[in-house]
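In: Here is the input, now give the coordinates:
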Amino acid sequence: MRSGNIPVLNICGDTIPAAYERAIREVWENGAGIKTEYDRPEDPPSRDATAVICVNQPFGQPRFHRSFADGLGGLAEYVMEVVHGAHDYWVKPLEEILKGKGSEDTRWTYTYHERLFEYRIEDEVINQIDYIVDKLSRTGYTRRAQAITWNPKLDPPTDDPPCLQRIWGRLSEDGEGGFVFNMNTHWRSRDLFKAWFENVIALTTLMRKITESIAEKSGKKVRVGRYVDISDSLHIYGSYFREIEGDPEKGIKSFFERLDSRTFEERTWDSEFVKPYFINDGIGKGLGPMLDREKDMPKNVRAAIHQELESMKKDDYIV
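Out: Coordinates of the predicted model:
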């Protein structure tokens with residue numbers, strides 16, 4: 001690699017936790033040192049790379065890594081945010097978004113669900129996920145089944161524009177009379193250490209929903225295939241380095257020492273263990289507490305999450 005080139009990393013794992021651990025090691029050891037717009041004066045440059053990460057079995061077990069920023073109940077609520085639009089009602093009105101940094105309204109400027117399911121072009125609202133389902137149900141091999149998030153009018157002036165840029169999907173024949181839904185996601189920017197894992201749990205849950213919708217609409221047998229995650233900037237922030245490096249003087253092991261000191265099973269959870277915490281984690285988070293707490297949630301969204309909660313209580317449901 002010539003000096004000054006940003007590294008390009010190719011990473012693959014059978015499960016989400018396996019890919020996550022390999023990605024952290026690769027970016028830490030081979031990423032370039034690049035500043036970010038969020039750095040504090042004392043922070044070293046981030047470790048940064050362009051990365052393509054493949055997860056061969058998105059619902060393979062164990063599906064959950066124990067090292068992530070939020071609790072399991074909070075992760076369940078984030079999944080509902082992406083899949084069912086649990087927090088679309090937190091987005092501020094268009095006229096406030098157009099004010100850019102001049103707006104005093106501190107609510108969000110977007111959610112991924114809103115951009116994917118209710119993308120606005122002037123007065124028209126477009127459900128891009130419905131388009132993907134319709135297109136692939138009719139022509140599974142199409143290369144046009146995609147959805148975007150970026151809005152060139154709304155996003156450049158904001159301090160926190162969408163990281164996810166695009167979803168792309170395609171069907172392939174499985175050789176047994178059925179089909180496999182393969183999905184790629186494209187990201188302009190990605191916090192590897194404290195966002196990647198939660199993003200992937202949510203996006204692969206959406207991937208399963210799309211798979212089920214294609215099967216229902218087309219009458220074909222369709223199953224979830226591999227998931228590919230493409231990031232222009234996959235990074236570990238300099239402010240996280242203390243957590244990665246540990247503190248030998250205080251007896252705090254580095255992230256990689258903790259990996260080496262425990263088995264893979266001790267570093268992960270399977271879906272069966274996680275499911276009760278998705279329902280109710282006992283400390284105020286999860287689908288049940290979310291429905292109790294958020295009284296202003298729109299009725300149709302509340303109904304979708306309630307249905308998800310009831311499905312989650314069944315033995316065959318995989319979170």
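In: ok, which stretches of the stretch 101-250 of the chain are strands?
Out: Using DSSP state E, counting those that start in this stretch, the strands of the stretch 101-250 of the chain run over residues 119-121, 124-126, 146-148, 164-173, 179-187, 190-191, 222-236.
In: So what touches the third one?
Out: Right, the one you point to is strand 146-148. Under the contact criterion Cβ atoms under 8 Å, 6 or more residues apart in numbering, strand 146-148 has outside partners 115, 116, 119, 128, 129, 131, 132, 165, 166, 167, 168, 169. Backbone N, C-alpha and C define where each C-beta goes, glycine included.
In: Provide a list of residues in contact with residue 94.
Out: For residue 94, the contact set (Cβ under 8 Å, 6+ apart) comprises residue 120.
In: list the buried ones in the helix or strand bottoming out on mean pLDDT in the chain?
Out: In the chain, the helix or strand scored least confidently by mean pLDDT, DSSP states H and E is helix 94-97, which has a mean of 87. Neighbour-count burial for helix 94-97 flags 96, 97 (criterion: 16 or more other Cβ atoms under 10 Å).
In: One more: stretch 245-255?
Out: Neighbour-count burial for stretch 245-255, counted by 16+ other Cβ under 10 Å, picks out 246, 254, 255.
In: cool, and stretch 96-111?
Out: Counting neighbours by 16+ other Cβ under 10 Å, the buried set in stretch 96-111 is 96, 97, 103, 108, 109, 110, 111.
In: Straight-line length of stretch 275-289, end to end?
Out: Using Cα to Cα, to the nearest Å, the end-to-end distance of stretch 275-289 comes to 14 Å.
In: Then stretch 229-248?
Out: Its start and end residues considered, stretch 229-248 measures 34 Å (Cα to Cα).
In: okay, the contacts of strand 146-148 in CSV with distance to residue 271 next?
Out: Converted to CSV, the contacts of strand 146-148 look like this (distance: Cβ to Cβ, whole Å):
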residue, distance to residue 271
115, 28
116, 24
119, 31
128, 28
129, 24
131, 30
132, 25
165, 28
166, 27
167, 23
168, 26
169, 23
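In: Which of these are buried, as a PyMOL select command?
Out: Restricted to buried positions by 16+ other Cβ under 10 Å, the PyMOL selection for these reads:
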select buried, resi 115+116+119+128+129+132+165+166+167+168+169
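In: Which stretches in this protein count as helices?
Out: With DSSP state H, the ranges of helices along the chain come out as 16-30, 72-84, 94-97, 112-117, 128-138, 197-218, 241-245, 255-261, 271-279, 287-293, 299-312.
In: want to throw those helices into JSON lines with distance to residue 151?
Out: As requested, the helices of the chain are exported to JSON lines (distance: least, Cβ to Cβ, whole Å):
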{"stretch": "helix 16-30", "distance to residue 151": "29"}
{"stretch": "helix 72-84", "distance to residue 151": "18"}
{"stretch": "helix 94-97", "distance to residue 151": "9"}
{"stretch": "helix 112-117", "distance to residue 151": "7"}
{"stretch": "helix 128-138", "distance to residue 151": "13"}
{"stretch": "helix 197-218", "distance to residue 151": "19"}
{"stretch": "helix 241-245", "distance to residue 151": "34"}
{"stretch": "helix 255-261", "distance to residue 151": "36"}
{"stretch": "helix 271-279", "distance to residue 151": "31"}
{"stretch": "helix 287-293", "distance to residue 151": "28"}
{"stretch": "helix 299-312", "distance to residue 151": "22"}
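In: Alright, that wraps it up for me.
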